[in-house]
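Asker: Sequence and computational prediction follow.
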Amino acid sequence: MNKTLLIKLIFVLLIVPFFAKAQTTDTQALEDAENTIKYPQFQFKGLLQARYLESSGKNVDVLGVQHSTGEVTQSSFDIKRMRVGLNTKLSNTTEVVILVNLADFKSDPKGKVLENAYGKYTFNKYIALTGGQFRPAFGIEELVPVDIIKSFDFSNQYYEFGKNGWTSFQIGASASGSFDIGKNPVSYAISILNGNGRNQEMDNDNGKQYSSRWVFELSKLHKINLGLNGGIGKRSDQKVFAVGADITSDFKLTDRLTFDLQIEYKQGTNQNLYFSLPVDGRTPNLDDYQMRGVYFLPNFRYVVDYKKLTSLELSCRFESFDNNFKVNSNVRKTYTPMISLEFGKAYLGRIEMGFEIDRFDKNIPDTSFYNDDLFIIQLQLRL
């Protein structure tokens, strides 16, 4: 049997059983709820992230690039994100989501600007189908909006795996849902993706990337969840893969003080790097080019509730990432200590201050692979 056909059959077989679990009572409840609510319903969203950056690395600019000669820009104000979004519920089961980042117009907007553009149909809690451009579930960060993460931005591994079609905004389809194994909740997501990034006219080859994520709740009291991720696919008729594991927890230390922790590991083929190299400058085996990374993100949150100040948060993410550990290893270690002041509920307003400290095994002049200390103050407003 053709391997591609086999993968598709397995994908279908994983989904079909969830349809069988749809109960008549669930359908009736949805119909009753729909009769009392008027559709369509619209929800507008927005996000502004404005920053001040200052680099103290030797001849390293605010974008992290080292310059051997000439002056460099080592301090600057910047608009990181200016997002505008619209969520439209067409019915109790159907929604359409649109999200754009207007800050992408400050540079070449090709392949940028449009972020989310998808439709979702929810049959029941066991299965929902999503199609369009969205963030496929393949780790902790893919399920958390950037405006409520516990650091300035996503990790280095998130963006690198995004370049390789597993994370960030991708075009494709997904099935997701949840069910119980005994008394233990389990959630899942299974995706089929073009794997060549967002806002592309079409797939750049006939290969597709198949990925899945499974999350197991280990402790409801401390919100301890274990996530397992896996993916296979093809790029220009060569096999690619990605795997990952993560764990999250949230401990309430006192009535006002909580501690949460994220740990995530990923490894996979770096086909983006492989195909960017000249043929005579790479090995013939794509599997030689692999990336891997791990990060720890502890965060303390203290509820203040004094006038307009809601909470005080203190975090420090440590990440070790290598984008080519088999052929030309150069580990990047990144420390991101940050203090955050929250105003209003659900991060309505946020002022963040801290550092992004990069250390490489080998400094490469005139590239972004160079030691740097970046000071950041970031203002965030969301609606």
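Answerer: Arrived safely, thanks for sending.

Asker: In the chain, which strand is the longest?
Answerer: The single longest strand within the chain, with elements called by DSSP state E, is strand 290-306.

Asker: Report the beta-bridge partners for Thr122.
Answerer: Per DSSP bridges, residues listed as beta-bridge partners of Thr122: Ala128.

Asker: Surely it touches Ser91?
Answerer: No - using C-beta atoms under 8 Å, Thr122 is not in contact with Ser91; the gap is 9.7 Å. C-beta here means a position set from N, CA and C on the backbone, and glycine is covered the same way.

Asker: Paired strands for the longest strand of the chain, with orientation please.
Answerer: In the sheet, strand 290-306 lines up with strand 257-269 (antiparallel), strand 309-322 (antiparallel) (DSSP bridges).

Asker: how about TSV for those strands, with mean pLDDT added?
Answerer: TSV is the format used below for the strands paired with strand 290-306 (pLDDT from 0 to 100):
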stretch	mean pLDDT
strand 257-269	97
strand 309-322	97
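
Asker: Between these, which one is closest to Glu54.
Answerer: Closest of these to Glu54 is strand 309-322, at 19.2 Å (criterion: C-beta to C-beta).

Asker: so what does the very next helix or strand once past the closest one touch, helix or strand wise?
Answerer: Later in the chain than strand 309-322, the nearest helix or strand by DSSP states H and E is strand 332-343. Secondary-structure packing of strand 332-343 (3 or more C-beta pairs under 8 Å, 6 or more residues apart in numbering; DSSP states H and E): strand 309-322, strand 349-360.

Asker: Next, the buried residues of the last one.
Answerer: Right, strand 349-360. Neighbour-count burial for strand 349-360, counted by 16 or more other C-beta atoms under 10 Å, picks out 349-350, 352, 354-358, 360.

Asker: any low-confidence regions in the protein?
Answerer: 1-35 (pLDDT under 70).

Asker: now the helices for it?
Answerer: For the chain, the helices defined by DSSP state H occupy 3-20, 24-36, 156-163, 271-276.

Asker: now what about the third one, what contacts it?
Answerer: It refers to helix 156-163. Under the contact criterion C-beta atoms under 8 Å, 6 or more residues apart in numbering, helix 156-163 has outside partners 138-139, 141-142, 167-170, 197, 242, 264, 266, 268, 270, 272, 291, 293, 295, 319, 321, 323, 332, 334.

Asker: what angle separates it from strand 349-360?
Answerer: 90 degrees (axes from the mean of the first three to the mean of the last three C-alpha atoms, to 10 degrees).

Asker: and the angle from helix 156-163 to strand 332-343?
Answerer: Inter-element angle recorded for helix 156-163 and strand 332-343: 100 degrees (by the same axes, to 10 degrees).

Asker: Run the chain-centre distance for helix 156-163.
Answerer: Helix 156-163 sits 8 Å away from the centroid of its parent chain (C-alpha atoms, centre = their mean, to the nearest Å).

Asker: in that helix, what's buried?
Answerer: 156-158, 160-163.

Asker: Distance to Leu86 added to the helices and strands packed on strand 332-343, as a markdown table?
Answerer: What follows is those, written out as a markdown table (distance: least, C-beta to C-beta, whole Å):
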| stretch | distance to Leu86 |
| --- | --- |
| strand 309-322 | 27 |
| strand 349-360 | 22 |
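
Asker: Tell me which of these approaches Leu102 most closely.
Answerer: strand 349-360 (19.5 Å).

Asker: Who are the packing partners of that closest one?
Answerer: By 3+ C-beta pairs under 8 Å, 6+ apart, strand 349-360 packs against strand 332-343, strand 372-382.

Asker: Name every strand pairing with that strand and say which way it goes.
Answerer: Going by DSSP bridges, the partners of strand 349-360 are strand 332-343 (antiparallel), strand 372-382 (antiparallel).

Asker: So what touches it?
Answerer: 64, 147, 152, 330-343, 369-382.

Asker: run the last query once more with 7 Å
Answerer: Applying C-beta atoms under 7 Å, 6 or more residues apart in numbering, the external contacts of strand 349-360 come out as 64, 152, 330, 332-343, 369-381.

Asker: do stretch 275-283 as well
Answerer: Residues outside stretch 275-283 that contact it (C-beta under 7 Å, 6+ apart): 274, 327.

Asker: chain center to that stretch: distance?
Answerer: With C-alpha atoms, centre = their mean, you get 28 Å for stretch 275-283.
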